[in-house]
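Asker: Coordinates only, no sequence provided:
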């Protein structure tokens, strides 16, 4: 399921707080949480390296001042 498939806009069965009981939403939410965890694991080294580089650049700029 994509994010568009879970959109409740236009859902005929929609009612207030239906996400608590909606099986379609729960299934999407499980898949989405798995996807987010996979992205965190895959992208963490990239973000970490970017952060280290940013810190190194900031330190180099401070030393020049």
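Answerer: Ah, there it is. Bear in mind that the values here come from a model prediction, so they are computed numbers and not experimental data.

Asker: quick one, phi psi at residue 15?
Answerer: Phi and psi for residue 15, reported as degrees, to the nearest 10, are phi -150, psi 170.

Asker: Quick one: list the elements packing against the helix or strand hosting residue 38.
Answerer: When elements are assigned from DSSP states H and E, residue 38 belongs to helix 23-64. Helix 23-64 is packed against helix 3-6, with contacts defined by 3 or more CB pairs under 8 Å, 6 or more residues apart in numbering; DSSP states H and E. For glycine as for every other residue, the C-beta is placed from the backbone atoms N, C-alpha and C.

Asker: Need the mean per-residue confidence for the helix it packs on.
Answerer: The average of the pLDDT scores along helix 3-6 is 58.

Asker: from here on, count from 365
Answerer: Noted, 365 is the first residue going forward, which turns the last one into helix 367-370.

Asker: quick one: low-confidence ranges for the chain?
Answerer: Within the chain, the segments meeting pLDDT under 70 span 365-371, 373, 428-429.

Asker: wait, what's in contact with the residue nearest the centre of it?
Answerer: The chain has residue 400 as the residue nearest its centroid, 5.0 Å off, counting by CA atoms, centre = their mean. Contact analysis of residue 400 by CB atoms under 8 Å, 6 or more residues apart in numbering lists nothing.

Asker: And it, how close does it get to residue 389?
Answerer: Distance, residue 400 to residue 389, by CB to CB, to the nearest Å: 16 Å.

Asker: And for residue 410?
Answerer: 31 Å.
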